[in-house]
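Engineer: Have a look at this prediction, sequence included:
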Number of protein chains: 2
Amino acid sequence: MEWQEAKDKFIQNWGALGTVWGINRTMAQVHALLMISPKALSADEIMEELQISRGNANINIRSLIDWGLVYKELKPGDRKEYFIGEKDMWVVVRQIIVHRKKRELDPMLRVLDEISNSKIPDNSEESIALNKTIRDIKLFSSKADSILDVLVKSDSNWFVGTFLKMIK
Amino acid sequence: MEWQEAKDKFIQNWGALGTVWGINRTMAQVHALLMISPKALSADEIMEELQISRGNANINIRSLIDWGLVYKELKPGDRKEYFIGEKDMWVVVRQIIVHRKKRELDPMLRVLDEISNSKIPDNSEESIALNKTIRDIKLFSSKADSILDVLVKSDSNWFVGTFLKMIK
DNA sequence: TGTAACTTTCAGAATTATTTGAAAGTTCAA
DNA sequence: TTGAACTTTCAAATAATTCTGAAAGTTACA
């Protein structure tokens, strides 16, 4: 396989993976490109490489910066902005978890709190079931939350090492 | 809050959560409805409750069965099929993980293997970076894989208990 | 068999998400 | 200030996904 072919294949597949991970295809492709690029790239280089418009490139680069997966790099004496991708997989996954938790899980938990604070009376089979489901989800989420917190704060080697030891 | 309102809110929000989790809105709503319903519901009841068409209901119910989140229930002397939702949150999350891993992670890993088996020579800064990224992702994934395997096979109480003990 | 009761399928319609590209905005050196 | 070099915005176009509903398929039993 040629290098170019391998690279395209990687970018395409990372893009496809992105779509099912709540990250849009282009955003994931830009990320893939920057992840395998040893040097910082400009918006124009990204547009050229991925064949996308300026607007699209801009929006997705900003999102990646927002997600903490890409950093801006300014070269002295150059007005252009260059972008460099986070290369450490552990950091990449961690950032995605933090961001998605905030964006998706937290709103759901707020709704559950709102419902359970309003104390739907257990006066029918239906409301008993609803109350139980809400209790279960909250219990589950708070556990998941603790686990994710540890995961996010911990160092990769420590985490995986301890974990794999624990399950032996 | 009225029970009906709480129920609708729950279903709406579970649906929204679904869309960012690679599960379409209706599928997640049907799942929410069945999760909080103490008794099995027929396709017609689901259509009525969620205001969706027969085709839509049918397809999404089948997907849920396929994902192991909903079971068919046949009542003697009744030709209609009834559906009952998995109520155990641990099982729900486990099934989603298993299914998504198979659907999303595994294809990516296959592509990475294909690329790395073709042995792109380390003859430029770019191909060195690509090779390194692929190695890193594979290493990370194999660890994540082991962890997910344990997670999927283990019992909820054991897992969370041991985990939380470990991090103390 | 025939047929009523049900489930499945699928082409086209509707909806939702993404992308484009041109115009507006910003910044900086002269 | 000005204007060149760049970035951002956003309305309209395009693409992708999801939904509808009617027709076809299946099944059980009289």
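Structural biologist: Noted; the coordinates are in hand. Residues are numbered from 1 along each chain as shown, chains lettered A, B, ... in the order given.
Engineer: what helix or strand is the residue nearest to residue A:14 when sequence neighbours are not counted on?
Structural biologist: Closest residue to residue A:14 apart from its sequence neighbours, by CB to CB, 6 or more residues apart in numbering or on different chains: residue A:32 at 3.6 Å. The way it works is simple: take the backbone N, C-alpha and C, and place the C-beta from them, glycine included. Taking DSSP states H and E as the criterion, residue A:32 maps to helix A:25-35.
Engineer: Sort out which residues of that helix are buried, please.
Structural biologist: A:26, A:27, A:28, A:29, A:30, A:31, A:32, A:33, A:34, A:35 (16 or more other CB atoms under 10 Å in any protein chain shown).
Engineer: Helix, strand or coil: sort out residue A:135 for me.
Structural biologist: Under DSSP: H, G, I helix; E, B strand; the rest coil, residue A:135 falls in the helix class.
Engineer: How much space separates it from residue B:15?
Structural biologist: Counting by CB to CB, to the nearest Å, the gap from residue A:135 to residue B:15 is 20 Å.
Engineer: More neighbours: those two, which one.
Structural biologist: residue B:15 (21 against 13; other CB atoms under 10 Å in any protein chain shown).
Engineer: Against residue B:33, how distant is that one?
Structural biologist: Residue B:15 is 10 Å from residue B:33, by CB to CB.
Engineer: Redo the buried residues of helix A:25-35 as CSV? Include pLDDT.
Structural biologist: Output for these, formatted as CSV (pLDDT from 0 to 100):
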residue, pLDDT
A:26, 95
A:27, 95
A:28, 95
A:29, 96
A:30, 96
A:31, 96
A:32, 95
A:33, 96
A:34, 95
A:35, 94
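Engineer: Near DNA strand C, list only the ones from the residues you listed.
Structural biologist: Subset of these in contact with DNA strand C: A:26, A:27, counting by CB under 7 Å from any atom of the strand.
Engineer: ok so, going back, how far off centre is the next helix or strand after the helix holding residue A:32?
Structural biologist: Counting by DSSP H and E, the next helix or strand C-terminal to helix A:25-35 is strand A:41-42. With CA atoms, centre = their mean, to the nearest Å as the basis, strand A:41-42 stands 22 Å off its chain's centre.
Engineer: who does strand A:41-42 pair up with?
Structural biologist: strand A:81-85 (antiparallel) (DSSP bridges).
Engineer: and the strand it pairs with, how far out from the chain's middle?
Structural biologist: With CA atoms, centre = their mean, you get 18 Å for strand A:81-85.
Engineer: give me the residue from chain A nearest DNA strand C.
Structural biologist: Across chain A, no residue is closer to DNA strand C than residue A:55, which sits at 1.9 Å (CB to the nearest atom of the strand).
Engineer: helix, strand or coil for that residue?
Structural biologist: Reduced to three states by three-state DSSP, residue A:55 is helix.
Engineer: circling back to that earlier point, from the buried residues of helix A:25-35, which two are the most distant?
Structural biologist: A:26 and A:35 (14.5 Å; CB to CB).
Engineer: which bits of chain A sit near DNA strand D?
Structural biologist: So chain A meets DNA strand D at A:19, A:42-44, A:54-55, A:58-59, A:61-62, A:78-81 (CB under 7 Å from any atom of the strand).
Engineer: give me that answer again for 10 Å
Structural biologist: When proximity is defined as CB under 10 Å from any atom of the strand, chain A approaches DNA strand D at A:16, A:19-20, A:25, A:42-44, A:47, A:53-62, A:65, A:72, A:74, A:78-83.
Engineer: okay, now the nearest residue to residue A:46 once chain neighbours are set aside: neighbour count?
Structural biologist: Among residues not flanking residue A:46 along the chain, residue A:57 sits closest, at 5.3 Å (CB to CB, 6+ apart). If you count neighbours by other CB under 10 Å, residue A:57 ends up with 22.
Engineer: Tell me which residue lies farthest from the centre of chain A.
Structural biologist: Residue farthest from the centre of chain A, counting by CA atoms, centre = their mean, is residue A:123 at 41.5 Å.
Engineer: quick one: that one is in a helix?
Structural biologist: No - counting by three-state DSSP, one finds residue A:123 to be coil, located in no helix.
Engineer: can you tell me how far it sits from residue B:2?
Structural biologist: 12 Å.
Engineer: show me where chain A has helices.
Structural biologist: A:3-19, A:25-35, A:43-50, A:54-66, A:89-100, A:106-117, A:125-153, A:156-166 (DSSP state H).
Engineer: got the buried residues for the third one?
Structural biologist: Same thing as helix A:43-50. A:43, A:45, A:46, A:47, A:49, A:50.
Engineer: Same check on the fifth one?
Structural biologist: Burial within helix A:89-100, assessed by neighbour count using 16+ other CB under 10 Å, is assigned to A:89, A:90, A:92, A:93, A:94, A:95, A:96, A:98, A:99, A:100.
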